[in-house]
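**Q** Return a 3D structure for these sequence lines:
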Amino acid sequence: MSGANRCSGDPDTRHACLGAAGTRGVQWSTWIRNDCEDLVSLRYPDDVVVWATLDERRNRQYFSLTPDFSMTFPRPHGPWQIHSRATVYRDPWIEVDRDEVTRPDGAPGSHCIVRLLPGVSVLALDEQRQVYLTEEFHYGVGRETLELVSGGIDPGEDAAGAARRELAEELGVTAAEWTDLGVCDPFTTIVVSPTRLFLARELSFGPTSAEGTERIRCRKLPLAEAVEQVLASRITHGPSCVLILKVARMLGV
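**A** Okay, here's the model as predicted:
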């Protein structure tokens, strides 16, 4: 929301700020507390509830309201009809929305969407067609996985910049030649996580700067062997699989 209301962390000031937001059509508001953060819910005249959160990327003494005032309900969504949307959880990495809907068969229902930060995956390939991969324990699947360099696009960063940063951070690799190979949607029904795919060549090597949550080992495989790892389901990370197969097809492997 452009020109988002901001005020100090003082509760009285917060409510005064929310009251001022009433000039935008807000009928009702309240503060609640969950295990992670303060949230504010705003109810608009069309009975749409929007959740806003303390902005983690700014100084903690400020907060910003971020409802999209351009979105009106009800609204068509393919063969679905969306009647309202509530953001029920948000942190710097994910957002969970719950829509109240009319389904394609005409029945009422709810549909949740998990939105992740848009991301990138990078296949680093040297002159001998060796692929540089990461081997690391991943919390979600609860096991070590072999995959290409991947990560989220930071606020204010473009996809190419994120790809360069992630490759340098995770493997200490820089590349002189970059090829954009399009976008992969790892999921399409409940999770929205578009991932831009890059091929990086003409490599140089330096120190890594992995994050505190990362314990990354570099693995190097011939491109043909990486393809076999995908086909044998030993590489299962979706964007990595798509990117390895795209590059193999492009190079005639």
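**Q** residues touching the spatially most central residue of the chain, list them.
**A** Residue closest to the mean C-alpha point of the chain, counted by C-alpha atoms, centre = their mean, is L117 at 1.6 Å. Going by C-beta atoms under 8 Å, 6 or more residues apart in numbering, L117 touches 93-94, 152-153, 193. To be clear about C-beta, it is placed using only N, CA and C from the backbone, and glycine gets the same treatment.
**Q** what two of those residues are the furthest from one another?
**A** Within the contacts of L117, two members stand farthest from each other by C-beta to C-beta: I94 and I153, at 13.9 Å.
**Q** and the two? which has more neighbours close in?
**A** Of the pair I94 and I153, I153 is the one with more neighbours under other C-beta atoms under 10 Å, namely 21 against 13.
**Q** Checking the closest residue to the more buried one other than its chain neighbours next. Helix, strand or coil?
**A** Spatial nearest neighbour of I153, chain neighbours left out: A162 (4.3 Å); criterion: C-beta to C-beta, 6 or more residues apart in numbering. When states are read from DSSP: H, G, I helix; E, B strand; the rest coil, the local structure at A162 comes out as helix.
**Q** Would you mind listing the residues in contact with A162?
**A** Under the criterion of C-beta under 8 Å, 6+ apart, the contact list for A162 reads 119-120, 151-154, 196.
**Q** Per-residue pLDDT of it, please?
**A** At A162 the predicted local confidence, pLDDT, stands at 95.
**Q** Kindly provide the distance from it to D185.
**A** Here the distance between A162 and D185 works out to 17 Å (C-beta to C-beta, to the nearest Å).
**Q** likewise Y132?
**A** Here the criterion is C-beta to C-beta. By it, Y132 lies 25 Å from D185.
**Q** shouldn't S150 be in contact with L123?
**A** No: contact criterion C-beta atoms under 8 Å: S150 and L123 do not qualify, at 10.4 Å.
**Q** neighbour count winner among these two?
**A** Taking other C-beta under 10 Å, S150 and L123 do not tie; L123 has more neighbours (26 against 21).
**Q** Alright, calling it a day.
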